[in-house]
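Colleague: Sequence unavailable; structure follows:
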Ligand SMILES: Nc1ncnc2c1ncn2[C@@H]1O[C@H](COP(=O)(O)OP(=O)(O)OP(=O)(O)O)[C@@H](O)[C@H]1O
Ligand SMILES: [Mg+2]
């Protein structure tokens, strides 16, 4: 095809005009002072705003000091990932919950349309780059990208969008996030040195403990009571507001080692889909740090302090203040058999500094003014020695529900047999029931006996192993009782002899 001469001339002219325009723009950009450029930008922005009937709202990923990702941004992201993945043409794929599925969301510079009560809106995911203030700093602080969502809509929908649509997006986004989120297990353990830019005091991994109440060896009625208590708590936002109480609840789990206290915490977290904050009290420097840790916890979480009796010398502090504290007393009472023996582990915050957390600091942590921030939190203490704890620490209101986890009952054994061996009845069960009536055995010991140790281990072998363990324990108890009786006999004989000797002396 041959173009007419005039047409060719015209295109040549357009081409050269565009080239000249771009050249001039480049010159202006390079040599025009920054202030003038900024003024021109502002002016064009004002003119544009005056004639443009569309309103824009930006939702930035990070606001302020970049420390915390904005909640609003995360909610919009979740909302758009589920509502627009069908209409967007360029999508971003990420691993979702439990690494089992892929979650799609819109990619950068992608624009999607949404409709709400007749109002049409457009979402765009975009970003700006903030260059460092001077070229000198370029190598130290590379260009930072700031991503944000831009929501555009006609001004006649202003009310619908600002009053209803944004609320709808945040609410739906929040629900989607709860559904998709990977639960986390946080720790303040000093084993990990925090990078200086990271200001958070907790580090976390994905929480993947498989324990549930179903798999716990516990009497049915007790299990039901605890589950109902937990579920009622999680649905009681309005109730707590009405009665003027912070939305939190304290649980004290006590019982001998191996009776399922830690397992129950995991089951609680799984039941309610809460995060877990495992607080290592001995690693906390002082009460101020304890408060900071508390503020950084989020709602829908369980704050756990395991072996509270071992964490700090809480009763000791109270004693020192009041009566005189006898060191002998504490040594003899067997208090905190776990770590007290490992000298240096007590009240050592990992920096070779002694922890200055006090009982009053801990009491304030549980139900002081700061403890109300966030809401929907469980505080769980575990201990092997409930009777040694300060009464103020475990009074109702702080530790609202006390749960005793004790030795394995026959009912508990049946749950374990079903979990471990897949059987609900067996001829050996009667013998086990009889033996369990005579001796105390922890669920941990029962579980260990029932655990198949080789591919050929069937139910018979595992049950026989348990019977053997029970019989051994019974024998040990019998020996201990006999020795105690023997000791008492000898003691009585000694006293008799002493009386005899004394009588002889008196006669002389
Ligand atoms: N009630 C239970 N139901 C099911 N399994 C249990 C139960 N109690 C203990 N176990 C088993 O025993 C192991 C130890 O239990 P767990 O760590 O929960 O005990 P604990 O009470 O926290 O002990 P400690 O006081 O020493 O911390 C668990 O891995 C679990 O398999
Ligand atoms: Mg434990």
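Modeller: Perfect, I can see it now. Model, not experiment: these values are computed from the prediction. Ligands and ions are numbered 1, 2, ... in the order given.

Colleague: Ends of stretch 418-427, what's the gap?
Modeller: 15 Å (CA to CA, to the nearest Å).

Colleague: hmm, who's touching that stretch?
Modeller: When contacts are defined by CB atoms under 8 Å, 6 or more residues apart in numbering, stretch 418-427 is touched by residues 215, 414, 417, 447, 450, 451, 452, 459, 462, 463. All C-beta atoms are positioned from the backbone trio N, CA, C, and that covers glycine.

Colleague: Which residues of the chain lie near ligand 1?
Modeller: Contact residues, the chain versus ligand 1 (CB under 6 Å from any ligand atom): 216-218, 257-263, 384, 443-444, 447.

Colleague: Quick one: buried ones out of these?
Modeller: 216, 217, 218, 258, 259, 260, 261, 262, 263, 384, 443, 447 (16 or more other CB atoms under 10 Å).

Colleague: distance of residue 18 from residue 185?
Modeller: Distance of residue 18 to residue 185, given as CB to CB, to the nearest Å: 60 Å.

Colleague: more crowded one of the two?
Modeller: Neighbour tally, residue 18 and residue 185, criterion other CB atoms under 10 Å: the higher count belongs to residue 185, 19 against 10.

Colleague: Which residues lie in contact with the residue lying closest to the more buried one once chain neighbours are set aside in this structure?
Modeller: When the adjacent residues along the chain are set aside, residue 185 lies closest to residue 207, with 4.0 Å between them (CB to CB, 6 or more residues apart in numbering). Contact analysis of residue 207 by CB under 8 Å, 6+ apart lists 182, 183, 184, 185, 269, 275, 276.

Colleague: ok, now residue 237?
Modeller: 247, 375, 376.

Colleague: what's the pLDDT at the closest residue to ligand 2 within the stretch 201-350 of the chain?
Modeller: Nearest residue of the stretch 201-350 of the chain to ligand 2: residue 262, at 3.3 Å (CB to the ion). Looking at residue 262, its pLDDT is 95.

Colleague: for this protein, which helix is longest?
Modeller: Assignment by DSSP state H gives helix 459-507 as the longest helix of the chain.

Colleague: and that helix, what does it pack onto?
Modeller: When contacts are defined as 3 or more CB pairs under 8 Å, 6 or more residues apart in numbering; DSSP states H and E, helix 459-507 sits against helix 410-421, helix 429-438, helix 443-450.

Colleague: tell me which element the residue of the stretch 201-350 of the chain closest to ligand 2 is part of?
Modeller: Using DSSP states H and E, residue 262 sits within helix 261-272.

Colleague: between that helix and helix 443-450, what angle do the directions make?
Modeller: 90 degrees (axes from the mean of the first three to the mean of the last three CA atoms, to 10 degrees).

Colleague: Tell me the gap between helix 261-272 and the middle of its chain.
Modeller: 12 Å (CA atoms, centre = their mean, to the nearest Å).

Colleague: Show the subsequent helix or strand relative to that helix.
Modeller: Following helix 261-272 in sequence, per DSSP H and E, is strand 275-278.

Colleague: Closest residue of the stretch 351-500 of the chain to ligand 2?
Modeller: residue 382 (5.8 Å).

Colleague: so that residue makes contact with residue 262?
Modeller: Yes - Residue 382 lies in contact with residue 262 (CB atoms under 8 Å); the separation is 6.8 Å.

Colleague: tell me, what's touching the two both at once?
Modeller: residue 306.

Colleague: Name all residues that make contact with residue 160.
Modeller: Per CB under 8 Å, 6+ apart, neighbours of residue 160: 116, 117, 118, 119.

Colleague: Low-confidence ranges, the stretch 301-450 of the chain, go.
Modeller: Scanning the stretch 301-450 of the chain for pLDDT under 70 picks out the ranges 312-353.

Colleague: what do you get if the cut-off is 80, keeping everything else the same?
Modeller: In the predicted model of the stretch 301-450 of the chain, residues 311-356, 368, 370-374 satisfy pLDDT under 80.

Colleague: quick one: the helices in it?
Modeller: 308-311, 314-321, 327-332, 359-367, 391-394, 410-421, 429-438, 443-450 (DSSP state H, counting those that start in this stretch).

Colleague: quick one: the fifth one to chain centroid distance?
Modeller: Here helix 391-394 is found 25 Å from its chain centre; the criterion is CA atoms, centre = their mean.

Colleague: closest to residue 94 out of the helices and strands packed on helix 459-507?
Modeller: helix 410-421 (34.5 Å; CB to CB).

Colleague: starting at the chain centroid, how far to that closest one?
Modeller: 29 Å.

Colleague: Now do the buried residues in that helix.
Modeller: So helix 410-421, judged by 16+ other CB under 10 Å, has buried residues 412, 413, 414, 415, 416, 417, 420, 421.

Colleague: Nearest residue to the third one in space, please, no chain neighbours.
Modeller: In other words, residue 414. Using CB to CB, 6+ apart, the closest residue to residue 414 is residue 424 (7.1 Å).

Colleague: repeat for the second one
Modeller: In space, and not counting its chain neighbours, residue 413 is closest to residue 446: 5.7 Å by CB to CB, 6+ apart.

Colleague: Residue 422 versus that neighbour, what's the distance?
Modeller: From residue 446 to residue 422 the distance is 16 Å (CB to CB).

Colleague: Looking at the two, which is more packed in?
Modeller: Ranked by neighbour count (other CB under 10 Å), residue 446 and residue 422 place residue 446 first, with 25 against 8.

Colleague: check contacts around that one.
Modeller: 217, 408, 412, 413, 416, 466.

Colleague: tally of neighbours for the residue nearest to the last one when sequence neighbours are not counted?
Modeller: Distances taken as CB to CB, 6+ apart put residue 449 closest to residue 466, at 3.9 Å, once the chain neighbours are dropped. Counted with other CB under 10 Å, residues neighbouring residue 449 total 20.

Colleague: With residue 71 instead?
Modeller: Neighbours of residue 71 (other CB under 10 Å): 13.

Colleague: ditto for residue 388
Modeller: Counted with other CB under 10 Å, residue 388 comes out at 16.

Colleague: I am assuming it contacts residue 309, so please confirm or correct that.
Modeller: Yes - using CB under 8 Å, residue 388 is in contact with residue 309, at 5.4 Å.

Colleague: in the stretch 151-300 of the chain, which spans are strands?
Modeller: 184-187, 203-206, 248-254, 275-278 (DSSP state E, counting those that start in this stretch).

Colleague: so the third one versus helix 359-367, what angle?
Modeller: Spelled out, that is strand 248-254. 120 degrees.

Colleague: Tell me if strand 248-254 is near ligand 2.
Modeller: No - with CB under 5 Å from the ion as the criterion, ligand 2 is not reached by strand 248-254; the gap is at least 8.6 Å.

Colleague: quick one: strands adjacent to that strand?
Modeller: Strand pairing for strand 248-254, using DSSP bridges, gives strand 377-383 (parallel), strand 401-404 (parallel).

Colleague: Which residues outside the last one are in contact with it?
Modeller: Meaning strand 401-404. So strand 401-404 is in contact with 222, 226, 229, 249-255, 264, 386, 394, going by CB under 8 Å, 6+ apart.

Colleague: need the contact list for the residue of the stretch 201-350 of the chain closest to ligand 2.
Modeller: So residue 262 contacts 306, 382 (CB under 8 Å, 6+ apart).
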